[in-house]
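Undergrad: sequence-free structure coming up:
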């Protein structure tokens, strides 16, 4: 199984855009029934999405629902892989959704200060939770922060919560400026330094930048190979040729780097 790095949003009321997203090279497509759809087109978006997902799709398709009532229409469709649940604030929110969507993986989106405070409880609310992520636009408004640096503590908070809950590292929230690819890369590099792995996108042009930012560099791969090779001939703490000592935790991190380079599941 491949570790996904790119997650492309597409509005559910524009089936032609969803079809393009499915052919974009993204690892996962997220059909959005919430913020990307105007109130007057919510019903059409749900119907169009259900029609699409009535058939298996060539790659994983998640749906960001608008209300819990969407679940009855979507559950059981062969093209649906998972649900993304917006504006989760309590563990009970997820437990109620899980009861209505048996056997579907759930991805809660934490979009408020209250949700961030409950991050670990949400992450462990039900076995159906397969990952957590921030909704940074709403969170930024809730907190009143003026720039991205003001969100670094909540970002770190959910990285820790996901790890403590034995979930995959969270993906970063979308980068809204589809033209500034240099700023996108810098933002991804910062997110990677905080412990994120992969990112949601709103335009296909962002996908190769995100993948490049999160894949290990040749230098990182070379260093990881050196550590793993040394570990294969030693036990416990070991010394590298340059005199550095590494322990089991460093070896495990090096193995994860090589798995990511091969795009294997971590």
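TA: That came through fine. Please read all numbers here as calculations on a predicted model, not as lab measurements.

Undergrad: all strands of the stretch 1-150 of the chain, in order?
TA: 6-11, 28-32, 61-64, 82-85, 106-110, 133-134 (DSSP state E, counting those that start in this stretch).

Undergrad: okay, these in JSON lines with mean neighbour count, mean pLDDT and distance to residue 184 next?
TA: (Each C-beta comes from the backbone N, C-alpha and C, glycine too.) Shown next, in JSON lines, are these (neighbours: other Cβ atoms under 10 Å; pLDDT from 0 to 100; distance: least, Cβ to Cβ, whole Å):
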{"stretch": "strand 6-11", "mean neighbour count": "24", "mean pLDDT": "98", "distance to residue 184": "12"}
{"stretch": "strand 28-32", "mean neighbour count": "26", "mean pLDDT": "98", "distance to residue 184": "18"}
{"stretch": "strand 61-64", "mean neighbour count": "24", "mean pLDDT": "98", "distance to residue 184": "21"}
{"stretch": "strand 82-85", "mean neighbour count": "23", "mean pLDDT": "98", "distance to residue 184": "21"}
{"stretch": "strand 106-110", "mean neighbour count": "25", "mean pLDDT": "98", "distance to residue 184": "20"}
{"stretch": "strand 133-134", "mean neighbour count": "24", "mean pLDDT": "98", "distance to residue 184": "17"}
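
Undergrad: which one of these lies closest to residue 218?
TA: For the strands of the stretch 1-150 of the chain, proximity to residue 218 was assessed by Cβ to Cβ; strand 6-11 is nearest, at 20.5 Å.

Undergrad: which positions within stretch 153-169 qualify as buried?
TA: Within stretch 153-169, the residues scored as buried using 16 or more other Cβ atoms under 10 Å are 154-155, 157-159, 161-162, 165, 167-169.

Undergrad: from the residues you listed, which ones fall inside helices?
TA: 154-155, 157-159, 161-162 (DSSP state H).

Undergrad: among these, which one lies nearest to residue 61?
TA: residue 162 (22.3 Å).

Undergrad: show me the contacts for that closest one.
TA: 123, 131-132, 168-170 (Cβ atoms under 8 Å, 6 or more residues apart in numbering).

Undergrad: next, format the residues you listed as JSON lines and append pLDDT and distance to residue 8.
TA: Converted to JSON lines, those look like this (pLDDT from 0 to 100; distance: Cβ to Cβ, whole Å):
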{"residue": "123", "pLDDT": "98", "distance to residue 8": "24"}
{"residue": "131", "pLDDT": "98", "distance to residue 8": "16"}
{"residue": "132", "pLDDT": "98", "distance to residue 8": "19"}
{"residue": "168", "pLDDT": "95", "distance to residue 8": "18"}
{"residue": "169", "pLDDT": "96", "distance to residue 8": "19"}
{"residue": "170", "pLDDT": "98", "distance to residue 8": "17"}
